[in-house]
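S.K.: next comes the sequence, and after it the predicted model I'd like to discuss.
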Amino acid sequence: MTLVRVPGPARPPLVRTPQARRPPVRGPLRRLPALLVALLVAPLLVLLTACGPGAGADPGASASPAAVQVTGQAGEPPQVEAAAPLQVTHPETRTVWPGTGAALEEDGPVLLHLYAEDGRDGSVLKNTYQDAPEWRTMSVESLGSNLHEALAGARVGARLLHLEQDDGVPVVLVVDVLPTRAAGDEVEPAEGLPTVELDDDGAPTVTVPQDAAPPDDLEVQPLVRGTGPQVEVGQVVTVRFTGVRWSDGTVFDTTWEEGAPPQVATIGIGQVIEGWDQGLLEQTVGSQVMLVVPPSLGYGGTASELADETLVYVVDILDAHQQVSEEQQQPSAQPQEG
């Protein structure tokens, strides 16, 4: 349905015209330096000494003679300050700030922003803020033993710092734990709109009112009001959604199928249908929003089988951030030892 293809039936893209098609912001696992493959996938590192919020780690402890400091706002790449070259004497994971959301569950989904630097010179090894956060499972098989152990007990919203010496390279890894479903205050939908029921995992079932004429204009109805920042034009958004036809209530697409990742697009630049470009702007991250999209703001005027359909989307907004280019990405401050 959107820009990233996943296994399963062919889906119509969110973009309306071939001219609007763009390469996906997020696709299959990109080729990574061997160091990061080892760090994030293979169980090659020594077991961690602390495991996130509530594990009793000393937030002022350091795995090197000089402290490593992490600053920056949530939703933005972290800024790392450390003596260069960094000497890591023992592996450590500590909490930059704790999360207040749901605790990660074993074998459940995990959405992560990952930022890693080479402690010798501050060069950036990995930064998911360049594209989109990574969708994993809370398991050793998906995360590797070290990252899995680091995330044990963590809650959504946490930022963790991990230091490790890997084959002579001091690695500084910052992990942001993102939501995998909407969370916040529930909002009662307006009368006459479809109703939505959620299963235990958060997957929505949408029921269209029988014999009701669809609205002529775009309807934007928050169902759950998240507490994150508002979505802005040009941001890369990560969402889970289900879409149904108003005409018969049938599902034409969903990212809630088992094994399907969230989908990613840039909002407000014509990369998605106009109903999404208009309807998701200024909604807060963490929210669930129902969009009732008339054909003129959906696929009207195209060869899509949905061209004449009013479409109902239920969208969970999991992340929104300004995409950082490689040119914009500068090494973090590295004060020299004096």
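M.R.: The structure has been received and is ready for your questions.
S.K.: for the stretch 201-338 of the chain, what spans make up the strands?
M.R.: 204-207, 219-225, 236-245, 251-254, 263-266, 288-293, 311-321 (DSSP state E, counting those that start in this stretch).
S.K.: tell me which of the ones you listed lies nearest to residue 107.
M.R.: Taking CB to CB, strand 236-245 is the member of these nearest to residue 107, at 17.9 Å. For every residue, glycine as well, the C-beta is placed using N, CA and C.
S.K.: which secondary structure elements does that closest one contact?
M.R.: strand 204-207, strand 251-254, strand 263-266, strand 311-321 (3 or more CB pairs under 8 Å, 6 or more residues apart in numbering; DSSP states H and E).
S.K.: of all those strands, which one is nearest residue 185?
M.R.: strand 311-321 (14.6 Å).
S.K.: let me have the helices and strands packed on strand 236-245 in JSON lines, adding distance to residue 153, mean pLDDT and mean neighbour count as columns.
M.R.: What follows is those, written out as JSON lines (distance: least, CB to CB, whole Å; pLDDT from 0 to 100; neighbours: other CB atoms under 10 Å):
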{"stretch": "strand 204-207", "distance to residue 153": "29", "mean pLDDT": "97", "mean neighbour count": "18"}
{"stretch": "strand 251-254", "distance to residue 153": "31", "mean pLDDT": "97", "mean neighbour count": "18"}
{"stretch": "strand 263-266", "distance to residue 153": "28", "mean pLDDT": "96", "mean neighbour count": "24"}
{"stretch": "strand 311-321", "distance to residue 153": "21", "mean pLDDT": "97", "mean neighbour count": "25"}
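S.K.: looking at these, which is nearest to residue 137?
M.R.: Closest among these, using CB to CB: strand 311-321, at 15.6 Å.
S.K.: neighbouring strands - and their directions - for that closest one?
M.R.: Here strand 311-321 is paired, per DSSP bridges, with strand 236-245 (antiparallel), strand 288-293 (antiparallel).
S.K.: show me where the stretch 151-300 of the chain has helices.
M.R.: Under the criterion DSSP state H, counting those that start in this stretch, the stretch 151-300 of the chain carries helices at the ranges 274-279.
S.K.: so where's it uncertain?
M.R.: Residues of the stretch 151-300 of the chain meeting the criterion pLDDT under 70: none.
S.K.: can I see the domain layout of the protein?
M.R.: Per automatic domain parsing, the domain ranges recorded for the chain read 34-178, 181-321.
S.K.: sheet partners, orientation included, of the helix or strand where residue 114 lies?
M.R.: Secondary structure from DSSP states H and E places residue 114 in strand 109-118. With DSSP bridges as the test, strand 109-118 is paired with strand 124-127 (antiparallel), strand 134-137 (antiparallel), strand 169-178 (antiparallel).
S.K.: OK, contacts around the closest residue to residue 206 other than its chain neighbours?
M.R.: Among residues not flanking residue 206 along the chain, residue 244 sits closest, at 4.7 Å (CB to CB, 6 or more residues apart in numbering). Contact analysis of residue 244 by CB atoms under 8 Å, 6 or more residues apart in numbering lists 194, 206, 208, 250, 251, 252, 311, 312.
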